[in-house]
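# build the 3D model from these lines:
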Amino acid sequence: VQLQASGGGSVQAGGSLRVSCAGSGRTLPSYDFAWFRQAPGKEREFVAAITWRGRTTNYADSVKDRFTISRDSFKVYLQMNSLKAEDSGVYYCAAQHWTGSEYSYWGQGTLVTVSS
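So this is what the prediction gives:
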């Protein structure tokens, strides 16, 4: 499975942005998906995850109540509201075969820059 992230860009603090992740097939595979991010000089960190049917989501404490992960048959989305400068970084989508397994598939990342 090849993943393609898109939708990154520059926004001012307090603004919103939505990033998307598409698979290489016509529809998304029945995998769990997640978003991670990596800021310059920092390690990659978990942001949000969603199960393959979309019934369960999980968020890092730092983004709860501001970010929303969702999916449809074709893409996984991360709606980011009330953005802060510390949300800046490269956002990666990833997929795992089942909950708890390693993330085997990764997209190339999309850059989000939040200016204060």
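
# what's near enough to touch the most centrally placed residue in the chain?
Nearest to the mean C-alpha position of the chain, counting by Cα atoms, centre = their mean, stands residue 35 at 2.8 Å. By Cβ atoms under 8 Å, 6 or more residues apart in numbering, residue 35 lies in contact with 19, 21, 47-49, 69, 76, 78, 91-94. All C-beta spots, glycine's among them, are computed from the backbone N, C-alpha and C.

# who does it form a beta bridge with?
residue 48, residue 93 (DSSP bridges).

# cool, and residue 10?
residue 113.

# likewise for residue 78?
On DSSP bridges, the residues paired with residue 78 through beta bridges are residue 19, residue 69.

# so it sits right up against residue 66, yeah?
No - using Cβ atoms under 8 Å, residue 78 is not in contact with residue 66; the gap is 10.8 Å.

# between the two, tell me which one has more neighbours.
Higher neighbour count among residue 78 and residue 66: residue 78, with 27 against 15, using other Cβ atoms under 10 Å.

# gap between the more buried one and residue 41?
22 Å (Cβ to Cβ, to the nearest Å).

# same question, residue 112
16 Å.

# then residue 77?
28 Å.

# next one: residue 59
Residue 59 sits at a distance of 24 Å from residue 41 (criterion: Cβ to Cβ).

# of those two, who's got more company?
Higher neighbour count among residue 59 and residue 41: residue 59, with 18 against 5, using other Cβ under 10 Å.

# for that one, what are phi and psi?
The phi and psi torsions at residue 59 (degrees, to the nearest 10) take the values phi -130, psi 150.

# touching, it and residue 48? I think so.
Yes - the pair residue 59 / residue 48 is scored as a contact, 4.9 Å apart, by Cβ under 8 Å.

# so what sits against both of those two?
By Cβ under 8 Å, 6+ apart, the residues touching both residue 59 and residue 48 are 67, 69.

# how close does the residue nearest to the centre of the chain get to residue 116?
Per Cβ to Cβ, residue 35 is found 22 Å from residue 116.
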